[in-house]
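A.B. asks: need the 3D shape of this:
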Amino acid sequence: MNLAAVFFPATTVIDLNVADKADLLRRLAEIASTAANLTAGEITAALVKREDLGSTGLGGGVAIPHARVAELKTPCGVIARLKRPIDFAAIDGQPVDLVVLLLLRGDAGSDQLNLLAAVARRLRDVPALRAFRAAKGAQQLLELFTRPA
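C.D. replies: This is a model prediction of the structure:
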């Protein structure tokens, strides 16, 4: 699945100011709610339920909070670069400053799981991470993230 079909200017944010992980998940849910045609509460509940299974902090300052949502019609994503890194209980214990939220349909098949894998690969590419962190604005971050690798 093409990343440009899941991430949009309205769901890409630079300098998102959040206090902690719970605040971040709520804010990401608010941003995603219009694109996903769901309430922020529904999204937040799904994200918290997934995080309760284990942190989606990959390490290296990156997290991919994600959840399956039965009511979702099509995958939806949010790209956020945080104003200040926050503790996300990442695998390496390092604070997180780049976050990609991914919402998948409840019946997520292999195409959606491949989407999650593609996002994870993008966020493990060290030169790409440097470019994401140096992006001058949300539009540039979106273009860098969604262009073919």
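A.B. asks: residue 96 and residue 63, how far apart?
C.D. replies: 5 Å (C-beta to C-beta, to the nearest Å). C-betas here are computed from N, CA, C, even on glycine.
A.B. asks: cool, residue 95 as well?
C.D. replies: 10 Å.
A.B. asks: list the residues that contact both of those two?
C.D. replies: By C-beta atoms under 8 Å, 6 or more residues apart in numbering, residue 95 and residue 63 have these common neighbours: residue 88.
A.B. asks: neighbour-wise, which of those two wins?
C.D. replies: residue 63 (29 against 15; other C-beta atoms under 10 Å).
A.B. asks: check contacts around that one.
C.D. replies: 55, 56, 57, 88, 90, 96, 98, 99, 100.
A.B. asks: contacts only, for the first one.
C.D. replies: Pointing back at residue 55 there. 63, 88, 89, 90, 91.
A.B. asks: identify the bridge partners of the nearest residue to the fourth one once chain neighbours are set aside.
C.D. replies: Put plainly, it is residue 90. Once flanking residues are discounted, residue 90 sits nearest to residue 57: 2.8 Å by C-beta to C-beta, 6 or more residues apart in numbering. Residue 57 has these beta-bridge partners by DSSP bridges: residue 63.
A.B. asks: what about residue 57, neighbour count?
C.D. replies: Residue 57 - counted by other C-beta under 10 Å - has 24 other residues nearby.
A.B. asks: next: residue 51.
C.D. replies: By other C-beta under 10 Å, 20 other residues sit near residue 51.
A.B. asks: list the contacts for it?
C.D. replies: Contacts of residue 51 (C-beta under 8 Å, 6+ apart): 21, 25, 65.
A.B. asks: and it, what helix or strand is that in?
C.D. replies: Assigning secondary structure by DSSP states H and E places residue 51 in helix 40-53.
A.B. asks: buried ones in that helix?
C.D. replies: Buried positions in helix 40-53, judged by neighbour count with 16 or more other C-beta atoms under 10 Å: 40, 42, 43, 44, 46, 47, 48, 50, 51.
A.B. asks: and if you look at stretch 73-89?
C.D. replies: For stretch 73-89, by 16+ other C-beta under 10 Å, it's 75, 76, 77, 78, 79, 80, 81, 82, 86, 88.
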